[in-house]
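J.: What shape does this take:
(chains A and B)
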Amino acid sequence: MSKMRDRLGEHIGPLCCAIGVIAVVALYAAYQPAILSAFGIASLANASVTLALAALGQTVVLMTGALDLSIGSEISLVNCFAATFMGDGTTSIVLVVIASLLIGVLAGAINGVVVAYGRVAPLIATFCTSFVYAGISLTLRPQPGGSIPDSFANLLTGNWGLLPFSAVLLLLAVLVIWLPVFRSRLGRFILAYGDNPDSAFASGIPVRRVGMAAYMLAGLFAAIAGLFLAAETTSGDPSIGNVYTLNSLAAAVLGGVALTGGRGSMIGPILGAILLSIILNVLSVVGISAFWQDFIEGGILILVLGLAGIRLLRAQSWTSLLGRSQS
Amino acid sequence: MPDAVLRAENLTKRYGGITALEDVSLSLAAGEVLALLGANGAGKSTLVKLLSGNILPDGGSIAIGGEGRHLTSPRMAFEAGVATVHQELSLFGSLTVAQNVLIGREERGRFGHIREDASLRRTEALLAEIGVPDIAADARVGTLSLAQRQLVEIAKAMSFDPRVLILDEPTSALGLTDVHRLLTVVRGLRAKGRAIIFISHRMEEIEDIADSVTILRSGRKVGAFPRHSFTRERALELMLGETQQQLHAVPPPPAPPDSTPPILQVADLRLDGRLNGVSFDLRPGEVLGLAGLEGQGQKDMLFALFGLFRRGLRGDVIIRGQARRASRPLQAIAAGLAFIPDDRKNMGGFMFLPIAHNVTITILNRLRRFLFLDSRQEKAVVSALIRQLAIKCSSADAPLGSLSGGNQQKVIAAKWLAFERDIYLFCDPTRGVDAGARETIYATIRDLAAAGKGIILYSTDMVEFPILCSRVLVFRGGKIAGAVSGAEINEESILALSFRDTGTVAA
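T.: Here you go, the predicted structure:
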């Protein structure tokens, strides 16, 4: 009985998200049936994929027991870079895509060095680097603009019947990056390090390199998100990624990822991202003013992050409850 | 004795099925120093915790100044007149001496603000009263020496103006001069009519300061003497009790012949103050015990070998003829060492991860097929070890945290068995472990020895040495005080070496 409850507890995040997605889509469809058309599905998918990618990146870092507040800036940076240099030729498109991914990984590596080797607390370290990356974005592109070739934009944002290409992109990211990592040594090391850094160290795990790798993976996911945003908006905007920093955290937590590390899945954050994106989408479609949108969004975030701490209230002794807030 | 300040009668404390303290009575008069003596686990700390209000007794009563008291919290013990200086100091390093001593009870002005100068003066008066006017009341505690902090703790305890002062091993970490200073302070407090309970492992201090001595063994009071009829021999005898013959029924693994070249040589290993020149050899197939009272350097020795000290280590560690002193676990593991800690939660396992992943974390390299992990091979390795160590679990996918302490410890042992190392360091492996798991761990140690591994066993449970070790080194003050081997390994010989007078304290 208690075992079943434990099992359920493990998957409660993804499960709630799945139910939430179905409920919100049903309500939305009742209000606006066009949402179930091929175009509607593609636009919902496009709105969700960026956040899903950001949430996956955030999840890798959360699983090590840290967090990444620079994900939004990394997305903006890659977005500005791509919109500025992509040009029209196939060769230049391919080169810029590769360079964009490398920039994401490099930005992640810088985070990793500051956190793992510089021993700066993740919260502060990534908050600081987020300003550095934002500064570079602004230098590249003081105003929103630039251009993205139609071929690239259509490749990522089009649809094939009911199947949006953006969903394929997300699937590819999961198949090519997430699954290999978590079926290999690195994934185990990431989870072990997040579960208990001291045990990891005493087991001979190269803890600092593992911490760095997590940030580099987060940067890679952020880069893909940035490229996708470039295709979606066909331009570069140095502030476009800002909202994804906190939203990625919320999506991950909503999907059942523990802020204390050691636990997390891939499906939870994706469902969390879809749910959160649709809710935000609904808010703007219903015509709620931008101020109230931010207000509600912040409220949802606090609610989700607060709910994640409820589990702690089951602790028996004060010593295990105090000094152990979730972030 | 109508004038007893503290009178405890028939105190009993049980933890689950284990009786930590049974039917212990003692009484203490004003101006008396009562020394409490006993080996590890004799019940001294339990008694202290009961008297200081940290835990409640399951039976018996405590009376202070003739008045029955129910001490439900440390605060209440203070108010009743019992102040305790625990072994682990509880000072805040970034605050000043005065802020520490008067914390929560500062001198306050009309508007509720703290009057720092008045607090300082009151602290200075307290320090002067206990005879240490040289400690500055406005110094930051973090800048003080350990001995000075110990004295600040005493001042803090005295600020409650207690009738009874309990000092739990106040001298265990102090050098000779500091011990003398502390004993002088204690004598001064005695002259002022305080009743003092003094706990120490050092016989010479007890002879120096105690008015009476109470001896505990396995939770019972086994003797009480006034100072003049106390002898070390009698005390040792009482602490020891009858030796448990039946445990010798299983002979330890045989010692390897002297001609076997050593697998590990340690030469003059030092770590500022904690290890003071330790040298020994370990041969393959040998189970070497590290014994002694707690905190004499045995644990530091294992930590040092496994690279858990990143700096400050001096001396040589030679493994198979090569210098392999480690400053991080990765180096130690590469040199062929494995480490099974007593602290499973903090240094051994991953509580949220599945049992299987805990076991294979050290051998993922070997389980690789192309880039990925070979889950079939992993399953085979894990289930073999689960069977070998009789790990009780619903499945290998259950999180480690769902197992009992004993089974968790088996999983951690399994992790290093899978990774076949040459030298196994067992750091109090049976602490908090049930009887079944204990037997499994003993069997594992024997098997490893039979397979020609070198094993070092540090234990706080002395009955383990005679049944497992072919040689035991007894530590005292970060040095090897002596060694016993073969049939001479028993609690008596180990305790005698642990308590042996080093002749350094001139009475």
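J.: give me every residue that touches residue A:93.
T.: Contact analysis of residue A:93 by CB atoms under 8 Å, 6 or more residues apart in numbering or on different chains lists A:86-87, A:149, A:151-152. Bear in mind the C-beta positions are built from the backbone N, C-alpha and C, glycine included.
J.: Work out for me the element it sits within.
T.: Assigned by DSSP states H and E, residue A:93 belongs to helix A:90-112.
J.: ok, then the element right after that helix?
T.: Sequence order places helix A:122-140 as the next helix or strand after helix A:90-112, per DSSP H and E.
J.: And the next helix or strand along the chain from that next one, what's buried?
T.: Per DSSP H and E, the first helix or strand lying C-terminal to helix A:122-140 is helix A:150-157. Buried residues in helix A:150-157, counted by 16 or more other CB atoms under 10 Å in any protein chain shown: A:152-153, A:156-157.
J.: Specify which member of those is nearest to residue A:24.
T.: residue A:157 (22.3 Å; CB to CB).
J.: residue ranges with poor pLDDT in the chain?
T.: Went with chain A since none was named. Applying pLDDT under 70 to chain A flags residues A:1-10, A:311-327.
J.: I was after chain B.
T.: Along chain B, the model assigns pLDDT under 70 to residues B:1-2, B:242-249, B:500-507.
J.: The same query, at a cut-off of 80, please.
T.: Applying pLDDT under 80 to chain B flags residues B:1-3, B:16-18, B:39-41, B:88-89, B:172-176, B:240-251, B:343-346, B:371, B:432-436, B:500-507.
J.: Within range of chain A, give me the residues from it.
T.: B:306, B:308, B:328-330, B:333-334, B:339, B:341, B:346-353, B:357, B:360-362, B:364-365, B:368, B:371-373, B:394, B:402, B:415 (CB under 8 Å from any CB of the partner chain).
J.: For those residues, which ChimeraX command selects only the ones that are buried?
T.: Buried residues within the residues of chain B next to chain A, by 16+ other CB under 10 Å, are selected in ChimeraX with:
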select /B:306,308,328,329,330,333,339,341,347,348,349,350,351,352,353,357,360,361,362,364,373,402,415
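J.: Which ones among the residues of chain B next to chain A map onto helices?
T.: Under the assignment DSSP state H, these contribute B:329-330, B:333-334, B:357, B:360, B:415 to helices.
J.: Among those residues, which pair sits farthest apart?
T.: B:334 and B:357, at 21.8 Å, using CB to CB across these.
J.: Give me every residue in chain A lying close to chain B.
T.: Within chain A, the positions adjacent to chain B are A:3, A:6, A:180, A:183-185, A:188-189, A:191-192, A:195-196, A:198-206, A:262-263 by CB under 8 Å from any CB.
J.: again, only using 7 Å
T.: With CB under 7 Å from any CB of the partner chain as the criterion, chain A meets chain B at residues A:180, A:183-185, A:188, A:191-192, A:195-196, A:198-199, A:201-204, A:206, A:262-263.
J.: Now restrict those residues to buried residues only.
T.: Buried by 16+ other CB under 10 Å: A:184-185, A:188, A:191-192, A:195-196, A:199, A:201-204, A:262-263, out of those.
J.: I'd like those written out as JSON lines, with secondary structure added.
T.: Output for these, formatted as JSON lines (DSSP: H, G, I helix; E, B strand; the rest coil):
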{"residue": "A:184", "secondary structure": "coil"}
{"residue": "A:185", "secondary structure": "helix"}
{"residue": "A:188", "secondary structure": "helix"}
{"residue": "A:191", "secondary structure": "helix"}
{"residue": "A:192", "secondary structure": "helix"}
{"residue": "A:195", "secondary structure": "helix"}
{"residue": "A:196", "secondary structure": "coil"}
{"residue": "A:199", "secondary structure": "helix"}
{"residue": "A:201", "secondary structure": "helix"}
{"residue": "A:202", "secondary structure": "helix"}
{"residue": "A:203", "secondary structure": "coil"}
{"residue": "A:204", "secondary structure": "coil"}
{"residue": "A:262", "secondary structure": "coil"}
{"residue": "A:263", "secondary structure": "coil"}
